[in-house]
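# need a structure here:
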Amino acid sequence: MSSNEKLVFARYSNQCEEGRAKRSRADDLEFYFTKKLLAKYIDKQSKVIEIGCGTGYYGIFLHDKCKEYVGVDITPENIKLFNEKVERENISNITTIVGDGTNLNNIDKNEYDVVLIFGPMYHLPPEEREIVFEESKRICKENGIIMYAYQSKLGAYLQAGILSYPKHYPNKKSNEYILIKETDDENPGLFYFTTSKEIKESAKLHDLEIIKNIGVNFYFNKEQINSMDNEKYECWLEFSEYLCNDESCTGLSNHSILICRKK
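Presented below is the predicted three-dimensional model:
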């Protein structure tokens, strides 16, 4: 099990992720671009598993776009709410499991066409992220796709720090924790950061083929985005599309996704 399991439980047992995509236009950017990305790699024949599925946002979105979907989350409360949605909408191809990305022994090897790691990588220290790399690779089919969501320490510092809380940041503590220790200064041991270069190097060490590395939420000024009229927001989406597809910008995104193929 992960070393910070209790911290994760404390953070997510209140189902705080539920409805996050709908809180504002700025919050939705991460989900908007992630869904566009998923559409490129998932079809009606795909068997999909998501590790860190939360309350089922992507599972509900994907259920009619794939053959089979399995959602795994470390928080029982999240799985409970996810199951309620599945039952309410009478969905037959979704299965849920309470589980940990560092220990997927109850899941067969070479089982899934697409493996989504959409939570563990930014809640685990570097040595435990390596375990997730191995476990995700083990359960993925040959030539299958694995996606790793991660948080860049540069993007986290810039967006969640300086731009969101300019009166508080920067400070010596944030520099020490975010840039050196690579953990959150307000929630040390719960959120862990990395860089685009580091996570790509780890994937290569696990003999994964790197397909693409993109940022998915360049919101920068949240209040400004939320106050845009529809025409301006559409222009911002168009600009954000360029940011997402330019790998040189990835490190400035608060959330990014590394797309790999199992050789």
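# would you list every one of the strands in the stretch 151-263 of the chain?
Counting by DSSP state E, counting those that start in this stretch, the stretch 151-263 of the chain has strands at residues 208-215, 256-262.
# Among these, which comes closest to N106?
The minimum distance between N106 and those falls on strand 256-262, with 19.8 Å, by CB to CB. For the C-beta atoms, the positions are set from N, CA and C on the backbone; glycine is no exception.
# Can you tell me the strand partners of the closest one and which way each runs?
Sheet pairing for strand 256-262, assigned by DSSP bridges, gives strand 140-150 (antiparallel), strand 208-215 (antiparallel).
# any chance of the ones you listed in TSV, plus mean neighbour count?
Listed next are the strands paired with strand 256-262 as TSV, based on neighbours: other CB atoms under 10 Å:
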stretch	mean neighbour count
strand 140-150	20
strand 208-215	18
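# could those strands be laid out in JSON lines, adding distance to K80?
Listed next are those as JSON lines, based on distance: least, CB to CB, whole Å:
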{"stretch": "strand 140-150", "distance to K80": "23"}
{"stretch": "strand 208-215", "distance to K80": "32"}
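# Now mean pLDDT too, for those strands, in TSV please.
Output for those, formatted as TSV (pLDDT from 0 to 100):
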stretch	mean pLDDT
strand 140-150	98
strand 208-215	96
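# do you know which of the ones you listed lies nearest T102?
The nearest among the strands paired with strand 256-262, by CB to CB, is strand 140-150 at 13.9 Å.
# Check the offset of the closest one from the chain's centre.
13 Å (CA atoms, centre = their mean, to the nearest Å).
# Mind listing residues that contact it?
By CB atoms under 8 Å, 6 or more residues apart in numbering, the residues outside strand 140-150 that reach it are 34, 37, 41, 52, 110-119, 121-122, 133, 136-137, 194, 199, 203, 208, 211, 255-263.
# quick one: which of the residues you listed sit in helices?
34, 37, 41, 133, 136-137, 199, 203 (DSSP state H).
# can I assume L252 is in contact with L158?
Yes - here L252 lies in contact with L158, judged by CB atoms under 8 Å, at a distance of 6.3 Å.
# now could you export just the CA positions of stretch 55-75 as CSV?
Provided in CSV are the C-alpha atoms of stretch 55-75 (Å, rounded to 0.1, in the frame of the first residue of the first chain):
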residue,chain,number,x,y,z
THR,A,55,-16.2,9.4,-8.2
GLY,A,56,-16.4,8.3,-11.8
TYR,A,57,-16.2,11.4,-14.0
TYR,A,58,-14.3,9.7,-16.8
GLY,A,59,-15.9,6.4,-16.3
ILE,A,60,-19.4,7.8,-16.9
PHE,A,61,-18.0,9.7,-19.9
LEU,A,62,-16.4,6.6,-21.4
HIS,A,63,-18.9,3.8,-20.7
ASP,A,64,-20.6,4.2,-24.1
LYS,A,65,-17.3,4.7,-26.0
CYS,A,66,-15.5,1.5,-24.9
LYS,A,67,-16.2,-2.2,-24.5
GLU,A,68,-15.5,-2.4,-20.8
TYR,A,69,-14.4,0.0,-18.1
VAL,A,70,-13.0,-0.8,-14.7
GLY,A,71,-12.5,2.0,-12.1
VAL,A,72,-10.1,1.6,-9.2
ASP,A,73,-9.8,4.1,-6.4
ILE,A,74,-8.2,4.0,-2.9
THR,A,75,-11.1,5.8,-1.3
